[in-house]
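Q: Please find the sequence and the predicted model below.
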2 protein chains.
Amino acid sequence: MVKRPMVRQFLEDAFAGESKAHMKYLIFAENAEKSGNINLAKMWRAIAHAEFTHARNHFKALGYLGTNGENLKASLDGENFEIEEMYPAYNVVSELQNEKEALRSIHFAIEAEKIHSSMYKDAIEKIEKNDDLDEKEIYICNVCGYTTEDSLPEKCPVCGAGKDNFVKF
Amino acid sequence: MVKRPMVRQFLEDAFAGESKAHMKYLIFAENAEKSGNINLAKMWRAIAHAEFTHARNHFKALGYLGTNGENLKASLDGENFEIEEMYPAYNVVSELQNEKEALRSIHFAIEAEKIHSSMYKDAIEKIEKNDDLDEKEIYICNVCGYTTEDSLPEKCPVCGAGKDNFVKF
Ligand SMILES: [Fe+2]
Ligand SMILES: [Fe+2]
Ligand SMILES: [Fe+2]
Ligand SMILES: [Fe+2]
Ligand SMILES: [Fe+2]
Ligand SMILES: [Fe+2]
């Protein structure tokens, strides 16, 4: 594990940079698929995977990959930070400045993060008793990220998108 | 598009936060698959997709999603920043402090980014003349991110991993 603070800070920044590059390429790939540019999309998806390996190497060098239980705890802490600190602060400033598109984007995120927090909390309890979670389907709204383990809803309770917009895992 | 500078800064930070959460969950999912925890891995992959939709909404609200040509230009600029500015600076400090694990992780990234830069440069030229790229296979080393459009190599020229470690796109 990397010890020196300056190099640790650089690896943190590189992890953020690789994660953002990976995300941009996935967004660009999806957009290229929509315009029918299949080979261009494939190039973006392939390079996105290369950026995944870079982010993973930096993350491991920082000593951040733990056991499944530790990784669940890290996931829960991240969601709770977003729900309790980050998004409420961003939201109140977006209200002050009446930035409607930001308010929409922040609202979608915070509603999903609340569900994620509760899923990770449940998973921590289950993983303490059993090796794995029970097998069940998970549905994600492809517009707003609304997440449900129940049945596929007729329409998304957060953004109103129809059931065709859900991705099943 | 969001206009006010403070809200734009917050959305930039939220895009980074969602991209990092998405990346962590993919890393945690891969790790859970390795330990045989298939349902736990599925939960992380599903929630990662929700974070993808959040990052995409913030990115669009910032006005960053362009045409395929503009998105290629943005991809090229990002790779060139990493090659010319970011990784050389991180590398020289890692050498100074003899942080071997960081040197390895940075070396893997910079070798792949050079290839990505040249792929994006070629793609910009091709997309100006034709709608899409030619159909061809792309192989990514799952250890270091080495990227090639030629045939599958016997072993990775950057990290030495065998051909079983390559992912084909
Ligand atoms: Fe990279
Ligand atoms: Fe979340
Ligand atoms: Fe939705
Ligand atoms: Fe999110
Ligand atoms: Fe790259
Ligand atoms: Fe490699």
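A: Here it is on my side, so go on. Ligands and ions are numbered 1, 2, ... in the order given.
Q: Name the nearest residue to A:Cys159, ignoring sequence neighbours.
A: Excluding its sequence neighbours, the residue lying closest to A:Cys159 (C-beta to C-beta, 6 or more residues apart in numbering or on different chains) is A:Cys144, at 3.9 Å. Just so you know, the C-beta spots here come from the backbone N, C-alpha and C atoms, and that holds for glycine as well.
Q: Hmm, I typed the wrong one, I wanted A:Tyr146.
A: A:Val158 (4.4 Å).
Q: Is it correct that the one you found is in contact with A:Cys144?
A: Yes: under the criterion of C-beta atoms under 8 Å, A:Val158 makes contact with A:Cys144 at 5.0 Å.
Q: Overlap in contacts, these two.
A: Both A:Val158 and A:Cys144 are contacted by A:Phe108, A:Glu111, A:Ala112, under the criterion C-beta atoms under 8 Å, 6 or more residues apart in numbering or on different chains.
Q: Quick check: PyMOL command selecting the buried ones in those residues.
A: Command for PyMOL, covering only those of the shared contacts of A:Val158 and A:Cys144 found buried under the criterion 16 or more other C-beta atoms under 10 Å in any protein chain shown:
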select buried, chain A and resi 108+111+112
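Q: Ramachandran angles for the one residue in chain A that gets nearest to ligand 4?
A: Residue nearest to ligand 4 within chain A: A:Ala109 (4.6 Å; C-beta to the ion). Main-chain torsions, A:Ala109, degrees, to the nearest 10: phi -60, psi -50.
Q: Report the contact partners of it.
A: Neighbour list for A:Ala109: A:Glu82, A:Tyr87, A:Gly145, B:Ala14, B:Glu18, B:His54, B:Asn57, B:His58 [criterion: C-beta under 8 Å, 6+ apart].
Q: picking that back up, and the shared contacts of A:Val158 and A:Cys144, which is closest to A:Met119?
A: Distance ranking of the shared contacts of A:Val158 and A:Cys144 against A:Met119, using C-beta to C-beta, places A:Ala112 first at 10.3 Å.
Q: so which helix or strand takes in the closest one?
A: Counting by DSSP states H and E, the element that carries A:Ala112 is helix A:100-129.
Q: Now A:Thr147: phi and psi?
A: The phi and psi values for A:Thr147, taken as degrees, to the nearest 10, are phi -120, psi 130.
Q: For it, list each beta-bridge partner.
A: Taking DSSP bridges, one obtains A:Ile140 as the residues bridged to A:Thr147.
Q: and stretch A:105-117, is it in reach of ligand 2?
A: Yes: contact between stretch A:105-117 and ligand 2, assessed by C-beta under 5 Å from the ion, occurs at A:Glu113, A:His116.
Q: Restrict that stretch to CA atoms and write it as PDB.
A: Provided in PDB are the C-alpha atoms of stretch A:105-117 (Å, rounded to 0.1, in the frame of the first residue of the first chain):
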ATOM      1  CA  SER A 105     -31.100  16.200 -11.300                       C
ATOM      2  CA  ILE A 106     -30.400  16.500  -7.600                       C
ATOM      3  CA  HIS A 107     -33.900  15.400  -6.700                       C
ATOM      4  CA  PHE A 108     -33.600  12.200  -8.800                       C
ATOM      5  CA  ALA A 109     -30.300  11.400  -7.200                       C
ATOM      6  CA  ILE A 110     -31.300  11.900  -3.600                       C
ATOM      7  CA  GLU A 111     -34.500   9.800  -3.900                       C
ATOM      8  CA  ALA A 112     -32.400   6.900  -5.200                       C
ATOM      9  CA  GLU A 113     -29.600   7.300  -2.600                       C
ATOM     10  CA  LYS A 114     -32.100   6.900   0.200                       C
ATOM     11  CA  ILE A 115     -33.100   3.500  -1.200                       C
ATOM     12  CA  HIS A 116     -29.400   2.500  -1.800                       C
ATOM     13  CA  SER A 117     -28.600   3.400   1.800                       C
END
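Q: No further questions, thank you.
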